[in-house]
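Asks: coords please:
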Amino acid sequence: MQIKVKGKAVYTYSVRRLVYALCFFFFCVIDQRCKTYVGKEVFQDLTGIGMAVILLSHFRWKDLLKWKIPYLAWTAVWLIGAPISYFYRYRLAMIPGEWPIVVLDIILFGYIILYTVIRVAIEKKYPRLDKRTGILWLAMMLWMILSRSNYFWPVCYLAMFGCFYLADFSAEERGDLFQGMLDGIILGFFVLQGFCFVFRPYDVARYKGVYSNCNQNAQFYLYVLAAVYAKIIYVTRSGSNKWIKLYYWMGAGAVLSLELLTIGRTGWMTAVLLSLAFFHFLRKHQPSVRAWKNLLKLCAFVIIAFPLTFGAVRYLPPLFHHPVWFEGEWRPERVHSWDPWDSEKYIDLNEYTAEAWGRILGSFEDLLEHSPFLLVTEAEELSGEESAILASEQDSLLVRGAIYKHYLQSLNLLGHSNGELGFLLTPTYWVPHAHNIFLQYGSDFGVPVMVMLAALFLCGGIRLWRRYSRTGSETDAGSWMFLLLPAIFGMFEYSWGTGSLSTLLMFMAWRKVICDGEK
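Replies: Next comes the predicted model:
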């Protein structure tokens, strides 16, 4: 199917691309549910269903018919085993609804693993792999599995993405996959943000959107922004209609406006770095256009979009008066359905501005007050009572210093079991994670995993940057941006976890690095 503007083809859609787009929209919903719903295990397991659909789309019926016996044998195994497993689901401590999803995951990936083994070991059909990064990724995953951590997700991700990296996708399939990924993320933004405009009143200064935490909301907007930037590179490179280009530039302005509403300093910093990289990538297709001109264009769209997005966030939900809270969010001071549209509980522009400026000025005060050396010294001297005083003063730098000190001291070769790592910073402030993706992986799985993760980020970033300089492809630029986000945002905030979009896209980007020889 083709979409045309004035007789010129703008986009060509295949059924496969539509399926991929729906899968990534599904992953966006999974991300939201995993971060806001107490029964997140069900949605974490659904990630496997989405990945199975992507891999099964690569199957060819004639390839299956060539090796009927293994597939028939697996069919017989699960036909017998699935009903039996029903009687053991309670012993596995599964929550309601989880058992059928886990069984379906196992059934589908049984076929996928068989297909992969036959294609790779017998038919010798697999993409050209970069052995160094491939072995590094495999070593990291195996160390995670063999560590003291009792997480089961590394086993699942090894199976899912091991098969994904070994699948010999054609150039057409890879193009559909990447474009479908961008389409699905953007579709997820429209649907989830549309839900917010109806059911999520703006009654907390740091806008939470469709999440229960403003930083998680900020992170979601960053991935949408990266998808929009990749689309701008694509439509610029392909010479698309000016209205299509305008649509994506306006979209970038709207997403950045929503990012501003989260008042997340880590999110803002990451958005700036992401935008600078985007301007650099775009210059390859606009050699006569200076980066500062694109900067002014983007700023103009943000200026236009901000009052519109603020108005939608503030004034649309009161029209419906059906506020929705997620797990643990209900408070008497939150907006309720009986509150008038002009209730003082709503955040107005003055309150937002005061909160934003307060956090900006507070950051500068913290930086001026604490040098990096003083930060380490003071963090090391914290007692429990002093930590309580520290938290009450909201000194973010020293709070981070205290958290990092605790997790640095916990590092070892084989990591820790789940539940051993959190600690009570103050009598009322429990720290459940390291606020740093490298420290978290090192604490969970051991120092070697932390080192290998950093090496994968570094090698992947360098390789993708160099590839883009040769190809100018939006897939290289987009993969680089998707890899940048967890590395930068994850330096200071939560940016990992099974079922999360950040982890999924990180593994997706690594395929572009490991399968570097694909043409």
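
Asks: give me the domain ranges for this protein.
Replies: Annotated domains of the chain cover 200-369, 370-519 [automatic domain parsing].

Asks: which one, of those, ends up nearest to residue 136?
Replies: Among the domains of the chain, domain 370-519 comes nearest to residue 136, with 5.9 Å by CB to CB. Backbone N, C-alpha and C define where each C-beta goes, glycine included.

Asks: closest to residue 100 out of the domains of the chain?
Replies: Across those, residue 100 has its closest neighbour in domain 370-519 (17.4 Å, CB to CB).

Asks: what about the closest one, average pLDDT?
Replies: Looking at domain 370-519 alone, the average pLDDT works out to 81.

Asks: wait, which of the domains of the chain is closest to residue 119?
Replies: For the domains of the chain, the distance to residue 119 is smallest for domain 370-519, at 14.2 Å, taking CB to CB.

Asks: tell me which helix or strand the closest residue to residue 500 other than its chain neighbours sits in.
Replies: Using CB to CB, 6 or more residues apart in numbering and skipping residues adjacent in sequence, the residue nearest residue 500 is residue 31, 5.5 Å away. Taking DSSP states H and E as the definition, one finds residue 31 inside helix 15-34.

Asks: cool, and residue 305?
Replies: Using DSSP H and E, residue 305 falls within helix 291-320.

Asks: ok, back up a step: the residue nearest to residue 500 is in contact with residue 501, isn't it?
Replies: Yes - using CB atoms under 8 Å as the test, residue 31 is close enough to residue 501 to be in contact (4.0 Å).

Asks: and for those two, which residues touch both?
Replies: residue 220 (CB atoms under 8 Å, 6 or more residues apart in numbering).

Asks: ok so, going back, want to throw the domains of the chain into CSV with distance to residue 182 and mean neighbour count?
Replies: As requested, the domains of the chain are exported to CSV (distance: least, CB to CB, whole Å; neighbours: other CB atoms under 10 Å):
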stretch, distance to residue 182, mean neighbour count
domain 200-369, 5, 18
domain 370-519, 7, 18
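
Asks: looking at those, which is nearest to residue 110?
Replies: Counting by CB to CB, residue 110 lies closest to domain 370-519 out of those; the figure is 20.5 Å.

Asks: quick one on the thing from earlier: the helix holding residue 305 packs against which elements?
Replies: helix 171-199, helix 242-261, helix 265-283 (3 or more CB pairs under 8 Å, 6 or more residues apart in numbering; DSSP states H and E).

Asks: turn those helices into a markdown table, columns for distance to residue 111.
Replies: Output for the helices and strands packed on helix 291-320, formatted as a markdown table (distance: least, CB to CB, whole Å):
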| stretch | distance to residue 111 |
| --- | --- |
| helix 171-199 | 18 |
| helix 242-261 | 38 |
| helix 265-283 | 38 |
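
Asks: for residue 305, which of these is the nearest?
Replies: helix 242-261 (3.9 Å).

Asks: tell me the angle of the closest one relative to helix 291-320?
Replies: If you take axes from the mean of the first three to the mean of the last three CA atoms, to 10 degrees, helix 242-261 sits at 70 degrees to helix 291-320.

Asks: contacts for helix 242-261?
Replies: Contacts of helix 242-261 with the rest of the structure, by CB under 8 Å, 6+ apart, involve 5, 10, 186, 189, 193, 207, 209, 218, 221-222, 224-225, 228-229, 231-232, 235-236, 267-268, 271, 275, 297-298, 300-306, 308-310, 313, 352, 356.

Asks: what does stretch 183-196 give?
Replies: Contacts of stretch 183-196 (CB under 8 Å, 6+ apart): 17, 20-29, 32, 209-210, 220-221, 223-224, 227-228, 231, 251, 255, 258, 313, 317, 501.

Asks: got it, and stretch 154-163?
Replies: Stretch 154-163 is contacted from outside by 47-48, 51, 55, 105, 109, 112-113, 115-116, 138, 141-142, 144-145, 445, 498, 507, 510-511, using CB under 8 Å, 6+ apart.

Asks: what of stretch 327-341?
Replies: Counting by CB under 8 Å, 6+ apart, stretch 327-341 makes contact with 36-38, 201, 203-204, 212, 315, 317-319, 321-323, 325, 343, 345-346, all of which sit outside it.

Asks: end to end, how far does that stretch reach?
Replies: Using CA to CA, to the nearest Å, one end of stretch 327-341 lies 24 Å from the other.

Asks: follow-up on the earlier one: what helices or strands is the helix holding residue 31 leaning on?
Replies: helix 40-56, helix 171-199, helix 214-237, helix 501-514.

Asks: in JSON lines: these, plus distance to residue 157.
Replies: Listed next are these as JSON lines, based on distance: least, CB to CB, whole Å:
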{"stretch": "helix 40-56", "distance to residue 157": "9"}
{"stretch": "helix 171-199", "distance to residue 157": "17"}
{"stretch": "helix 214-237", "distance to residue 157": "18"}
{"stretch": "helix 501-514", "distance to residue 157": "7"}
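
Asks: which among the ones you listed is found nearest to residue 407?
Replies: Among the helices and strands packed on helix 15-34, helix 214-237 comes nearest to residue 407, with 18.0 Å by CB to CB.

Asks: elements contacting that closest one?
Replies: Judged by 3+ CB pairs under 8 Å, 6+ apart, the packing partners of helix 214-237 are helix 15-34, helix 171-199, helix 242-261, helix 265-283, helix 474-489, helix 501-514.

Asks: of those, which is nearest residue 82?
Replies: Closest approach to residue 82 among those (CB to CB): helix 15-34, 23.1 Å.

Asks: run through who's touching the closest one.
Replies: Helix 15-34 is contacted by residues 40, 43-44, 46-47, 50-51, 53-54, 57, 173, 176-177, 179-181, 183-185, 187-189, 191-192, 210-211, 220, 497-501, 504 when judged by CB under 8 Å, 6+ apart.
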